[in-house]
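Peer 1: structure for the following, please:
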Amino acid sequence: MNLLELLKRATPSPQPLLTGEWATIAFRPDLGSQQEFIVGVAAAIEGDTEPHLKWLPSLSKLSHLYGEAITSSDTRDLFDGSEAAIRSSFHKALKSLDSGTPHLRVVPSGYVATHDINIELTSLLKRQAGAIWQEIQQREAPMDDDWAYATMLNTLKPFQKSCDPFVPGRSIVIGNKSLQIGLDNGNSYGNIVSARYASFSTVQTHIHSSLLQMTIAHRLSQRRTEPALFVVLPEAITSAEVVTAKKTSELLKEVEEAGVAQFCSNDPEDVALRIREWAKTE
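Peer 2: Got it, this is the predicted structure:
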């Protein structure tokens, strides 16, 4: 077999779905000192109207360095306020971002190309944060997007002979683009997102990322029917869960106004039922 025949048989690797620029977020606890710590990363993706941000999952190591001078709760409040300022000052470029505080600054760091911006940002943050990075130990299985997808799949397993909208591996390739799509009813694409993360900013990032994937899939496949987003809300037992559920519902109203069908509930079975109805749509 010669080289030309091998090249003909070779499957081209999908080009990166997301391209843009990324930056570090440097934290200076003491303005009188030059010491800084990388506590977050941000990315501006071409065609996206919102920046993507990722913060340290745990501030315990940083707090130990400064003792009582920096508490995790106060620092997290500072980061939350800064994220709001960053999002409001975003105009497609990272160099114009305003952190809203002299303790934090956004430092553009270069070009980024990836299929999954959440995974890429986590990898970048681990490398940049160095010694102050610390994984959060989950006491129970995380109720993330993987959990939501698996729960929907198991709930609807008895009905899959009559209708099976689930995409194997939650991945499709259209042209040279590899896209994360979980559902396909033949007329439109859909995705399942969990809103049971620890912070609303994570939920917001996952919803925006999912919308981007579906929008590109519809454009490339020239599908006219609106895409659909199915979201499992928190149970709203704690005050934090109540706030996350409320903010997520408000965000989904904006999503619906933008031309995307959406359904959300804190009962996974209700979400599964709506997926089943959507799957029967002809």
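Peer 1: tell me where the stretch 101-250 of the chain has helices.
Peer 2: In chain order, the stretch 101-250 of the chain shows helices spanning 117-129, 145-155, 200-221, 239-257, with DSSP state H, counting those that start in this stretch as the criterion.
Peer 1: compare the ones you listed and give me the one nearest T49.
Peer 2: Across these, T49 has its closest neighbour in helix 200-221 (8.6 Å, CB to CB). Placement of C-beta: from N, CA and C, glycine included.
Peer 1: what's F37 sitting at in phi/psi?
Peer 2: Backbone dihedrals for F37, given as degrees, to the nearest 10, come out at phi -130, psi 140.
Peer 1: of all the helices of the stretch 101-250 of the chain, which lies closest to A84?
Peer 2: Of all the helices of the stretch 101-250 of the chain, it is helix 200-221 that lies closest to A84, at 9.4 Å by CB to CB.
Peer 1: so who does the residue nearest the centre of the chain touch?
Peer 2: In the chain, the residue lying closest to the centroid (CA atoms, centre = their mean) is H206, at 2.6 Å. When contacts are counted by CB atoms under 8 Å, 6 or more residues apart in numbering, H206 is found next to N118, D145, V193, S194, Y197.
Peer 1: out of those residues, the closest to A93 would be?
Peer 2: In terms of CB to CB, no member of these lies closer to A93 than N118, at 21.1 Å.
Peer 1: would you confirm that the closest one contacts I45?
Peer 2: No. Judged on CB atoms under 8 Å, N118 makes no contact with I45 at a distance of 11.6 Å.
Peer 1: shared neighbours, these two?
Peer 2: Going by CB under 8 Å, 6+ apart, residues that sit against N118 and also against I45 are H52.
Peer 1: residue ranges of each domain in the chain, please.
Peer 2: Taking automatic domain parsing as the domain assignment, the ranges for the chain are 18-132, 145-279.
Peer 1: what's the following helix or strand after the helix or strand of the chain with the lowest mean pLDDT?
Peer 2: Confidence across the helices and strands of the chain bottoms out at helix 3-9, with a mean of 54, counting by mean pLDDT, DSSP states H and E. Secondary structure here is assigned by DSSP states H and E; on that basis, the next helix or strand after helix 3-9 toward the C-terminus is strand 18-27.
Peer 1: which is the next helix or strand following that next one?
Peer 2: Where DSSP H and E defines the elements, the next helix or strand beyond strand 18-27 is strand 37-45.
Peer 1: what pairs with that following strand, and is each one parallel or antiparallel?
Peer 2: The partner list of strand 37-45 in its sheet, established with DSSP bridges, is strand 18-27 (antiparallel), strand 52-55 (antiparallel).
Peer 1: dump the ones you listed to a markdown table, plus mean pLDDT and mean neighbour count.
Peer 2: A markdown table is the format used below for these (pLDDT from 0 to 100; neighbours: other CB atoms under 10 Å):
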| stretch | mean pLDDT | mean neighbour count |
| --- | --- | --- |
| strand 18-27 | 93 | 21 |
| strand 52-55 | 92 | 24 |
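Peer 1: and of those strands, who's closest to S265?
Peer 2: Ranking the strands paired with strand 37-45 by proximity to S265 (CB to CB) places strand 52-55 first, at 26.5 Å.
Peer 1: in contact with the closest residue to E50 other than its chain neighbours, which residues?
Peer 2: Computed as CB to CB, 6 or more residues apart in numbering, the closest residue to E50 that is not its neighbour in sequence is H208, at 5.4 Å. Each residue near H208 by CB under 8 Å, 6+ apart is listed here: D48, E50, H52.
Peer 1: quick check: mean pLDDT across stretch 195-203?
Peer 2: Along stretch 195-203, the predicted local confidence has a mean pLDDT of 88.
Peer 1: distance between the ends of that stretch?
Peer 2: Its first and final residues considered, stretch 195-203 spans 5 Å by CA to CA, to the nearest Å.
Peer 1: use 3 as the first number for this chain going forward.
Peer 2: Noted, 3 is the first residue going forward, which turns the last one into stretch 197-205.
Peer 1: sort out which residues of it are buried, please.
Peer 2: The neighbour-count criterion (16 or more other CB atoms under 10 Å) identifies A197, R198, Y199, S201, F202, S203, T204, V205 as the buried residues of stretch 197-205.
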